[in-house]
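Colleague: Coordinates for the following, if possible.
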Amino acid sequence: MRTHRHSTSSLIAVPLVGAISCLGLTVGLAGTASGAQTSARSATAPSATTITYQVHPITKLALATPGATAGGFPYTPSECVATFGLACYSPQDLRTGYDFPSTATGAGQTIVIVDAYGSPTLRSDLTVYDTEFDLPAANLNIFYPEGRPTYNPRQHHNETSWAAETSLDVEQAHGLAPAATIDLVVAPNNSGNALNNAEAFAVDNHLGSVMSMSFGAPEDLFRGNNDQLLQANAIYQQAVSQGMSVFASSGDSGATEGTAAPTALFPASDPLVTSVGGTDLFLSDSGTYESETTWNDSVASLCPFGCAAGAFGATGGAPSILFPQPSYQASDGSGFTTARTTSDVSFNASVYTGTMIYLGFLGGANNGFYFFGGTSEGSPSWAAIAALADQAAGHPLGELNPLLYSIAANSTSYAADFHNIYGPGQSNAFGGPGYSATAAGYNLPTGLGSPNVANLISSLAG
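Modeller: Reported below is the predicted structural model:
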């Protein structure tokens, strides 16, 4: 997710959110769940002035020909560093590093992912991904509220970026919760009206108990035109009332997100949504957790492996100008007493410690596995974790923020359930002002921290 634009011809992979132009909406069905109902909220009059969410992945091709070695990606993380200057993590590496229980697979759970445009090769890409990483075939349903868009990257440059985003969201969620069903809801374009209707379709039809949204727009773009924000908030209210946990990415361009002053991204800033920030996660070749830092490539001490490929981004996180402080953040220690702050939690997000994602729609030698990062990785990852917690609990846990902050309020459970990420020089200042993560406890760049999944889902479920 980023707010400022990047050329898709540059190297390395980060789906990033931004916000600038505008478009519209649609609704119809594909996949196996053909009995779902059309969203009643689709009839809501669209906002006259449209907010637009954009993603701009920066990609680096790692391996054009998959399957070079049986049973896994042919490079270890350290071999990737030696070959490319970036570490590469398989889903098994991430599950080991964040201590996912081996028995936690997401069986019986459904993860809802909302994206625009979709990917023309998603099903075949997912098959390649599963084969490469020895994963079970995914149970993937794709819904197109009001019709399936025709993939035409020459018509809309956004479509290629969103196709990469879609691949990241689905492959990442499946890799971490391999037995969970994934319901992908595709909006026909990236306008706020279209994405609101896609979210409403998912909620109205009770598609699942977890929803991930790896997109956002700076809150100041909603000033004077909050119709789409109010529509979205009403959807999230309905979602949590039905027991759904909702996640969004906090941003990839530091605290300012490419604007003049620090700004939170919406929908991550909505108090009903869990906002996911980003880190650099360092694992051994066997996947053992070694350390973790705030993701900010502009700080020399934080940019990994000599920063040979340059600065790609930094985690978002800022106080909201639209939402007051929710009760669950009243004792978070951030120093903010009136405003909702993001991030709430965090996950690996650096391109230098990249998750490996397969793209098959670019054509010829451009198809292959790519390094991906950004907080767009974090939202579907935390959605997968929530699905595992729902599996352990035997019922949907619903709105997670009050539960997460209550765990953090107890020093013993906090130390067991989270990696608290802080230290000298750590902040999300990226070409502008930012916020520090130098003291223990909650901070805006990484929230409560990254998960120790086994302990966390035990606390959430118990």
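
Colleague: Tell me if I am right that Thr131 is in a strand.
Modeller: No: under the criterion used here (DSSP: H, G, I helix; E, B strand; the rest coil), Thr131 is helix, not part of a strand.

Colleague: Quick check: the spatially most central residue of the chain vs Thr288, distance?
Modeller: Central residue of the chain (C-alpha atoms, centre = their mean): Ser379, 2.5 Å from the mean position. Here the criterion is C-beta to C-beta, to the nearest Å. By it, Ser379 lies 25 Å from Thr288. C-beta here means a position set from N, CA and C on the backbone, and glycine is covered the same way.

Colleague: cool, and Leu272?
Modeller: Applying C-beta to C-beta, the value for Leu272 to Thr288 is 36 Å.

Colleague: Between the two, tell me which one has more neighbours.
Modeller: Leu272 (23 against 11; other C-beta atoms under 10 Å).

Colleague: excluding its backbone neighbours, what's nearest the more buried one?
Modeller: Tyr236 (4.2 Å; C-beta to C-beta, 6 or more residues apart in numbering).

Colleague: Double-check the one you found against Ala248; I have them as touching.
Modeller: No: the pair Tyr236 / Ala248 is not scored as a contact, 9.7 Å apart, by C-beta atoms under 8 Å.

Colleague: which residues are in contact with both of these two?
Modeller: Overlap between the neighbourhoods of Tyr236 and Ala248 consists of Pro267, Asp270, Val273, taking contacts as C-beta atoms under 8 Å, 6 or more residues apart in numbering.

Colleague: Between these, identify the one with the most neighbours.
Modeller: Val273 (28 neighbours).

Colleague: neighbour count winner among Tyr236 and Ala248?
Modeller: A count of neighbours by other C-beta under 10 Å puts Ala248 above the other of Tyr236 and Ala248, at 33 against 22.

Colleague: what bridges to the more buried one?
Modeller: Note on Ala248: beta-bridge partners by DSSP bridges are Met213, Ser275.

Colleague: what's the distance between it and Ala409?
Modeller: 23 Å.

Colleague: same question, Ala309
Modeller: Ala309 is 40 Å from Ala409, where distance means C-beta to C-beta.

Colleague: For these two, indicate the residue with more neighbours.
Modeller: Counted by other C-beta under 10 Å, Ala309 and Ala409 do not tie: Ala309 has more neighbours, with 20 against 12.

Colleague: Helix or strand for that one, just tell me which one.
Modeller: Using DSSP states H and E, Ala309 is not contained in any helix or strand.

Colleague: where does it land on pLDDT?
Modeller: Among the per-residue scores, Ala309 holds a pLDDT of 91.

Colleague: Could you double-check that it sits in contact with Gly85?
Modeller: Yes: assessed by C-beta under 8 Å, Ala309 is found in contact with Gly85 at 5.7 Å.

Colleague: anything in contact with each of the two?
Modeller: Tyr352.

Colleague: Look up phi and psi at the closest residue to Thr127 other than its chain neighbours.
Modeller: Among residues not flanking Thr127 along the chain, Ala137 sits closest, at 7.3 Å (C-beta to C-beta, 6+ apart). Ala137 adopts backbone torsions of phi -60, psi 140, taken as degrees, to the nearest 10.

Colleague: picking up where we left off before, separation between the residue nearest to the centre of the chain and Leu176?
Modeller: 12 Å.

Colleague: Name the helix or strand for the residue nearest to Leu272, please.
Modeller: Element membership of Tyr236, judged by DSSP H and E, is helix 227-241.

Colleague: Can I get that helix in PDB? Just the C-alpha atoms.
Modeller: What follows is helix 227-241, C-alpha atoms only, in PDB (Å, rounded to 0.1, in the frame of the first residue of the first chain):
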ATOM      1  CA  ASP A 227     -20.600   9.900   2.600                       C
ATOM      2  CA  GLN A 228     -18.400   7.000   1.600                       C
ATOM      3  CA  LEU A 229     -16.800   6.900   5.000                       C
ATOM      4  CA  LEU A 230     -20.200   6.800   6.700                       C
ATOM      5  CA  GLN A 231     -21.400   4.100   4.300                       C
ATOM      6  CA  ALA A 232     -18.200   2.000   5.100                       C
ATOM      7  CA  ASN A 233     -18.600   2.500   8.800                       C
ATOM      8  CA  ALA A 234     -22.200   1.300   8.700                       C
ATOM      9  CA  ILE A 235     -20.900  -1.800   6.900                       C
ATOM     10  CA  TYR A 236     -18.300  -2.400   9.600                       C
ATOM     11  CA  GLN A 237     -20.900  -1.900  12.400                       C
ATOM     12  CA  GLN A 238     -23.100  -4.600  10.700                       C
ATOM     13  CA  ALA A 239     -20.000  -6.800  10.300                       C
ATOM     14  CA  VAL A 240     -19.000  -6.800  14.000                       C
ATOM     15  CA  SER A 241     -22.600  -7.200  15.100                       C
END
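
Colleague: now it: mean pLDDT?
Modeller: In the prediction, helix 227-241 has an average pLDDT of 96.

Colleague: One more: stretch 206-221?
Modeller: 95.

Colleague: Am I right that Gln329 is in contact with Tyr405?
Modeller: Yes: using C-beta under 8 Å, Gln329 and Tyr405 qualify as a contacting pair, with a distance of 6.6 Å.

Colleague: what comes up buried for the helix holding Tyr236?
Modeller: For helix 227-241, burial by neighbour count (16 or more other C-beta atoms under 10 Å) applies to Asp227, Gln228, Leu229, Gln231, Ala232, Asn233, Ile235, Tyr236, Gln238, Ala239, Val240.

Colleague: Next: stretch 403-411.
Modeller: For stretch 403-411, using 16+ other C-beta under 10 Å, the buried residues are Leu403, Leu404, Tyr405, Ile407, Ala408.

Colleague: tell me which of those is nearest to Phe323?
Modeller: Tyr405 (15.4 Å; C-beta to C-beta).

Colleague: Make sure I have this right: that closest one is in a strand.
Modeller: No: counting by three-state DSSP, one finds Tyr405 to be helix, located in no strand.
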